[in-house]
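Colleague: Fold the stuff below for me.
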Amino acid sequence: MNPFLGPLDNEDRVPAHQQTRVSAFLMSAHGALARQLLMALPPRLIEGWQVELHAQYCRQLEILSLLASATSWVPDPQLAFLIWQWEAAWMPRRPEGADDWRQARLIDLAAFGHALHAVTRPAALLPEHVEPLDPFAVAMRRIELEGGRLMQAQIALLKGPNLLPVRHAVSVAADWRHHQVREVWTAMLHGLNIDTSVRHLGDTAYHLALKAAAAAKRG
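Modeller: The predicted structure is shown next:
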């Protein structure tokens, strides 16, 4: 098992079959998140958190467009089987402990979005000597950079006053989605003979933020 994509081709680019598999996975996940964000948006934005959802929806569309254009696509016979598994994993799930269906939908949506950006580290897959201006490499770095920004907004939503009464449901949903996305992401990478388990050790940014807030209160 290798820790990075490759071996690189003669032009120091990631092989096209690896680009295809990774981008297909990311398009499936980000496409599902974009659809769910769209379904959650009201016809008219009334509250502040709805504006944030709209902004996140637009960022997902940007990511999808970037992946479609920057990837060197080649036929991958396994995608017909893999895509339906990925799509099934992204289906909405009602968190335990949330009675109101709108609230439950918002919790799962934020947990899924945070898990997607926290767990899938596309830039971390790039080997050291990859061509720096290769479109695929630039896209992977851009997506990871954007994911870091989006995570902060998702953490604010998950910790916000609207979800304060169901804090336990939020924590359970975040744990479950992180585990699920990590499992599917890791399985996809194993299919490319890549092992990134070391990169997934430790707490997520969401849980570190919760611990920091708890420590501040105790202090």
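Colleague: distance between whatever helix or strand Ala169 lives in and the chain's centre?
Modeller: Assigned by DSSP states H and E, Ala169 belongs to helix 167-190. On the basis of CA atoms, centre = their mean, to the nearest Å, helix 167-190 sits 10 Å off its chain's mean C-alpha point.
Colleague: Phi and psi next, for the residue nearest the centre of the chain.
Modeller: Centrality entry for the chain: nearest residue to the mean C-alpha point is Leu116, 1.7 Å, by CA atoms, centre = their mean. When read as degrees, to the nearest 10, the backbone of Leu116 gives phi -60, psi -40.
Colleague: didn't it look like it was pressed against Ser28?
Modeller: No - between Leu116 and Ser28 there is no contact under CB atoms under 8 Å: 10.6 Å. (Each C-beta comes from the backbone N, C-alpha and C, glycine too.)
Colleague: Could you export the helix holding Ala169 as PDB, CA atoms only?
Modeller: Below are the C-alpha coordinates for helix 167-190, written out as PDB (Å, rounded to 0.1, in the frame of the first residue of the first chain):
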ATOM      1  CA  ARG A 167     -26.700  19.000  21.600                       C
ATOM      2  CA  HIS A 168     -26.500  15.300  22.200                       C
ATOM      3  CA  ALA A 169     -28.200  14.500  18.900                       C
ATOM      4  CA  VAL A 170     -25.700  16.800  17.100                       C
ATOM      5  CA  SER A 171     -22.700  15.000  18.700                       C
ATOM      6  CA  VAL A 172     -24.100  11.600  17.800                       C
ATOM      7  CA  ALA A 173     -24.800  12.700  14.200                       C
ATOM      8  CA  ALA A 174     -21.400  14.200  13.700                       C
ATOM      9  CA  ASP A 175     -19.700  11.000  15.100                       C
ATOM     10  CA  TRP A 176     -21.800   8.800  12.800                       C
ATOM     11  CA  ARG A 177     -21.200  10.900   9.600                       C
ATOM     12  CA  HIS A 178     -17.500  11.100  10.300                       C
ATOM     13  CA  HIS A 179     -17.200   7.400  10.700                       C
ATOM     14  CA  GLN A 180     -19.300   6.700   7.600                       C
ATOM     15  CA  VAL A 181     -17.500   9.100   5.300                       C
ATOM     16  CA  ARG A 182     -14.100   7.900   6.500                       C
ATOM     17  CA  GLU A 183     -15.100   4.300   5.900                       C
ATOM     18  CA  VAL A 184     -16.300   4.900   2.300                       C
ATOM     19  CA  TRP A 185     -13.300   7.200   1.500                       C
ATOM     20  CA  THR A 186     -10.800   4.700   2.900                       C
ATOM     21  CA  ALA A 187     -12.400   1.800   0.900                       C
ATOM     22  CA  MET A 188     -12.200   3.900  -2.300                       C
ATOM     23  CA  LEU A 189      -8.500   4.600  -1.700                       C
ATOM     24  CA  HIS A 190      -7.800   1.000  -0.900                       C
END
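Colleague: Helices of this structure, residue ranges please.
Modeller: Remark: helices assigned in the chain by DSSP state H are 16-40, 48-70, 79-89, 101-119, 135-158, 167-190, 205-218.
Colleague: can I get the ones you listed in CSV with distance to Leu5 and mean pLDDT?
Modeller: Converted to CSV, the helices of the chain look like this (distance: least, CB to CB, whole Å; pLDDT from 0 to 100):
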stretch, distance to Leu5, mean pLDDT
helix 16-40, 5, 96
helix 48-70, 14, 91
helix 79-89, 17, 95
helix 101-119, 17, 87
helix 135-158, 9, 85
helix 167-190, 9, 90
helix 205-218, 24, 58
